[in-house]
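Visitor: Prediction below, plus the sequence it came from.
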Amino acid sequence: MMDAHEPPALPPQKRFTPRSIAEGLATLLIAAGFIMLMQPFAMVLYTYSFVVLLAGTVLFIVGSKFPG
């Protein structure tokens, strides 16, 4: 018999799925690309900002197809 004050048991959840890892990494890459694009200090960061943005976008598109 279940106690009236005890919450119902929740099913176990996966913490890190391949999809969540890929989407999190892609989000970080996209954010880093925007920061690199808008900073006024280093030309090399500005030069590679588009590549980083593109890599993050492609990773997000591909990673969203992973199971999870």
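Guide: Received, thanks.
Visitor: Now the helix or strand hosting residue 59: buried residues?
Guide: Element membership for residue 59, per DSSP states H and E: helix 43-63. By 16 or more other Cβ atoms under 10 Å, the buried positions in helix 43-63 come out as 45, 48-49, 52-53, 55-56, 59-60, 63. Using the backbone N, CA and C atoms, a C-beta is placed for each residue, glycine as well.
Visitor: which secondary structure elements does the strand or helix carrying residue 23 contact?
Guide: Applying DSSP H and E as the criterion places residue 23 in helix 18-38. Applying 3 or more Cβ pairs under 8 Å, 6 or more residues apart in numbering; DSSP states H and E, we find helix 18-38 packed against helix 43-63.
Visitor: and the helix it packs on with helix 18-38, angle?
Guide: Interaxial angle of helix 43-63 relative to helix 18-38 (axes from the mean of the first three to the mean of the last three Cα atoms, to 10 degrees): 160 degrees.
Visitor: Relative to residue 53, how far out is the residue nearest the centre of the chain?
Guide: For the chain, the residue nearest the mean C-alpha position is residue 24 (1.3 Å; Cα atoms, centre = their mean). Distance of residue 24 to residue 53, computed by Cβ to Cβ, to the nearest Å: 16 Å.
Visitor: What of residue 30?
Guide: Here the distance between residue 30 and residue 53 works out to 6 Å (Cβ to Cβ).
Visitor: do residue 44 as well
Guide: If you go by Cβ to Cβ, the gap between residue 44 and residue 53 works out to 15 Å.
Visitor: What count of nearby residues applies to the closest residue to residue 56 other than its chain neighbours?
Guide: Among residues not flanking residue 56 along the chain, residue 29 sits closest, at 3.1 Å (Cβ to Cβ, 6 or more residues apart in numbering). Residue 29: 20 surrounding residues under other Cβ atoms under 10 Å.
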